[in-house]
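K.L.:
Quick one: sequence and predicted model below, then my questions.
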Amino acid sequence: MRTISLILFAVFCACAKVGTPAGGPPDKTPPSIVAHAPSADATQVSLDAAVEIVFSERMDRRRTEEAIFVAPEAGLSWHWRGERLQLDLDLQVDRTYVVTVGTDARDGRGNALEHSFTFAFATGAQLNQGRIKGGVFKEHRPAAAMHVWAYDLANLNGVLGHQNPDYRTQSGQDGRYEFSRLSAAEYRIMAFADENRNRQYDEGEWLALSAGDVAAVEDEMVEVGDMLLAERATAIPSLRRVQALHERLFLLLFDRAVAVQQLRAEVDGLEIVDAYGTAASAEKVYLITERQESGREYTFARLEVAGQPIVWEEPVRGSARTDQLAPTLVERRPQQRMARGDTAMFIFSEAMQQQAVDDFWVASDSTWSPSGHWQWLERTVLAFVPSPAPLAGEYRLVGRGAMLRDLHGNALQDSTIAFALQVLGSDKLAGLEGQVVDALGGAVAAVQVRALHLRQGRFYSAFADADGHYALADLLPGAYAFFAFVDENGNGLYDPGQLQPFGRAEPYVVYAEELDLNAGQFERVDLRFAW
């Protein structure tokens, strides 16, 4: 039987965290690792040595076991004694082993490890010295507890994400991760959200790919470019329900969000006029039809999403019901403040008649009736661009809601739309300027810079010039996520890459912290790509 180090046991006794007294404040202190064996960077470790980890308190055993990774992978079994965990590993001759406790490890009260903890030891005379670090982000904000895998390209003979990696770790609360004690080699990095906690990547889970492979070298830290998680719509959506809501409308309810532009539908004996979705329920698609025959059973001759056939054999019974439900205004953007030249948008609960609304605004002594251009962006979205741009100040607007009707003539639920709006002058707005460069400080072509207003969900965008300089003006005050990417394919969108056939992501970099911009503030922020 393997013996337990008395020194390790003493450290455990000295460092174990005392539990919260009954009736006291809840325990929110994250656990930590207070000792481990073998010691960090130990060499000539015996093949039958005990590998042990001592935590500061009792842990959730299942969640902690799921968060422990050993590279290279070895036969592994677990033995717990209080706060101490013993790993029985099938150690091999002349290997460097890296043991990582990821940020999914939790104590008995659900507090997670703040940062991944890693230690290494060798059964030979030397340890590998390669190191790689990077960051994982979701919706441009740090993504904690993401699984990060590193593949030695010399060993990669299968599909990325489906072959077991050479090294594993997890991102910390700040989205950052680090691989240490790597063998000198060229690596391909990926990260994913292990939603079902099976320690494997599954189709449809959020996935991030690096913009390029990275070479680990001895005694040097190499930085990987930031990686952005993207939702992969690889799984075919399932149709849960089809219903005739009234004589000219079918509802299709899917088990996940569906992009309307990717839907193709044909119904035997019934013409489909158009399709639309709503902002409130992305899993719902509405089919506008010609008038249905009451009681007639309709079947789909074609139903596809993104080219994938959707199976639905149950007929839909036609309805004779007329639409008498008044549409509603579900959202207005901006809500309270806008910059000069901003576009106002009105979002409705259902498809609307796309008639001209030039005389929508009501002019009176107490209200403002701006001139400008109206445009229907979608069946449910109406936009207004003031022209000329209004001067800074407080305004009260009233619109003729009764002018706006759905496809079947029902007027908006509110006959008038009234709201107050503040147009901010340049002294009340903010801005960003700076330079975006590559890892060596050189300019990068086709860089798109974006700032995301975290409260309003609004993007501001600009292209950097040939020297990497950019400027974003007339930003509403508030907290922002700030990032840039190289638009290599010129489509104006970030391309996250793909697993099969493998395609790397476009280079991406994000500012590490939220930017809190105040009125009148023009901040300089430089970004550097690591790839």
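P.N.:
Perfect, thanks for sending it.

K.L.:
switch to C-alpha atoms for all contacts and neighbour counts from now on
P.N.:
Fine.

K.L.:
Ala40 is in contact with Ala120, isn't it?
P.N.:
Yes: between Ala40 and Ala120 there is a contact under Cα atoms under 8 Å: 5.6 Å.

K.L.:
Who has more neighbours out of those two?
P.N.:
Ala120 (23 against 14; other Cα atoms under 10 Å).

K.L.:
What's opposite the more buried one in the beta bridge?
P.N.:
Here Ala120 sits in beta bridges with Val98, going by DSSP bridges.

K.L.:
Distance of it relative to Asp27?
P.N.:
Note on Ala120: its distance to Asp27, by Cα to Cα, to the nearest Å, is 31 Å.

K.L.:
so what's the residue lying closest to Leu382 once chain neighbours are set aside up against?
P.N.:
Leaving out its chain neighbours, the residue that sits closest to Leu382 by Cα to Cα, 6 or more residues apart in numbering is Trp376, at 4.5 Å. If you count contacts by Cα atoms under 8 Å, 6 or more residues apart in numbering, Trp376 has them with Gln354, Leu382, Ala383.

K.L.:
before we move on, which element is the second one in?
P.N.:
When secondary structure is defined by DSSP states H and E, Leu382 falls within strand 381-386.

K.L.:
Identify the residues contacting that strand?
P.N.:
Contacts with strand 381-386, where a contact means Cα under 8 Å, 6+ apart, come from 341-348, 370-377.

K.L.:
If we use 6 Å, what do you get?
P.N.:
For strand 381-386, the surrounding residues in contact (Cα atoms under 6 Å, 6 or more residues apart in numbering) are Thr343, Ala344, Met345, Phe346, Ile347, Ser371, Gly372, His373, Trp374, Gln375, Trp376.

K.L.:
returning to what we had before: I'd like the contacts of Trp376 laid out as TSV, including pLDDT and distance to Ile288.
P.N.:
Shown next, in TSV, are the contacts of Trp376 (pLDDT from 0 to 100; distance: Cα to Cα, whole Å):
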residue	pLDDT	distance to Ile288
Gln354	94	14
Leu382	96	19
Ala383	96	22
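
K.L.:
Regarding Gly172, what is its secondary structure?
P.N.:
coil (DSSP: H, G, I helix; E, B strand; the rest coil).

K.L.:
Looks like it contacts His115 (just checking).
P.N.:
Yes: shown here, Gly172 and His115 form a contact pair, counting by Cα atoms under 6 Å, at 4.5 Å.

K.L.:
wait, Gly431 sits on Val525?
P.N.:
No: applying Cα under 6 Å, one finds Gly431 not in contact with Val525, separated by 10.3 Å.

K.L.:
Nearest to Glu231 among the contacts of strand 381-386?
P.N.:
Closest approach to Glu231 among the contacts of strand 381-386 (Cα to Cα): Ile347, at 25.0 Å.

K.L.:
distance of the closest one from Asp226?
P.N.:
Using Cα to Cα, Ile347 is found at 34 Å from Asp226.

K.L.:
got it, and Val381?
P.N.:
Taking Cα to Cα as the measure, Val381 falls 34 Å from Asp226.

K.L.:
swap in Glu203?
P.N.:
22 Å.

K.L.:
and what of Pro165?
P.N.:
Here Pro165 is placed at a distance of 19 Å from Asp226 (Cα to Cα).

K.L.:
Mind checking which of those two has more residues around it?
P.N.:
The neighbour count for Pro165 versus Asp226, taken as other Cα under 10 Å, is higher for Asp226 (25 against 21).

K.L.:
Please enumerate the helices of the stretch 251-400 of the chain.
P.N.:
For the stretch 251-400 of the chain, no helices are identified by DSSP state H, counting those that start in this stretch.

K.L.:
low-confidence ranges in it?
P.N.:
Applying pLDDT under 70 to the stretch 251-400 of the chain flags no residue at all.

K.L.:
The stretch 101-250 of the chain too?
P.N.:
Counting by pLDDT under 70, the stretch 101-250 of the chain has low-confidence residues at 233-235.

K.L.:
Show me how the chain divides into domains.
P.N.:
Structural domains assigned to the chain are 6-22+29-229, 239-317, 329-424, 429-528, following automatic domain parsing.

K.L.:
Could I get those domains in JSON lines, plus columns for distance to Asp323?
P.N.:
JSON lines is the format used below for the domains of the chain (distance: least, Cα to Cα, whole Å):
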{"stretch": "domain 6-22+29-229", "distance to Asp323": "37"}
{"stretch": "domain 239-317", "distance to Asp323": "6"}
{"stretch": "domain 329-424", "distance to Asp323": "7"}
{"stretch": "domain 429-528", "distance to Asp323": "33"}
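
K.L.:
re earlier: now the buried members of the contacts of strand 381-386.
P.N.:
Buried members of the contacts of strand 381-386, scored by 16 or more other Cα atoms under 10 Å, are Thr343, Ala344, Met345, Phe346, Ile347, Ser371, Trp374, Gln375, Trp376.

K.L.:
where's the fifth one relative to Ser46, distance?
P.N.:
Spelled out, it's Ile347. Computed as Cα to Cα, the Ile347 to Ser46 distance reads 68 Å.

K.L.:
now swap in the last one and tell me
P.N.:
When distance is defined by Cα to Cα, Trp376 is 73 Å away from Ser46.

K.L.:
Can you name the residues bridging to Thr289?
P.N.:
The partner list for Thr289 in beta bridges (DSSP bridges) reads Ile272.

K.L.:
no wait, Gly503
P.N.:
Gln498.
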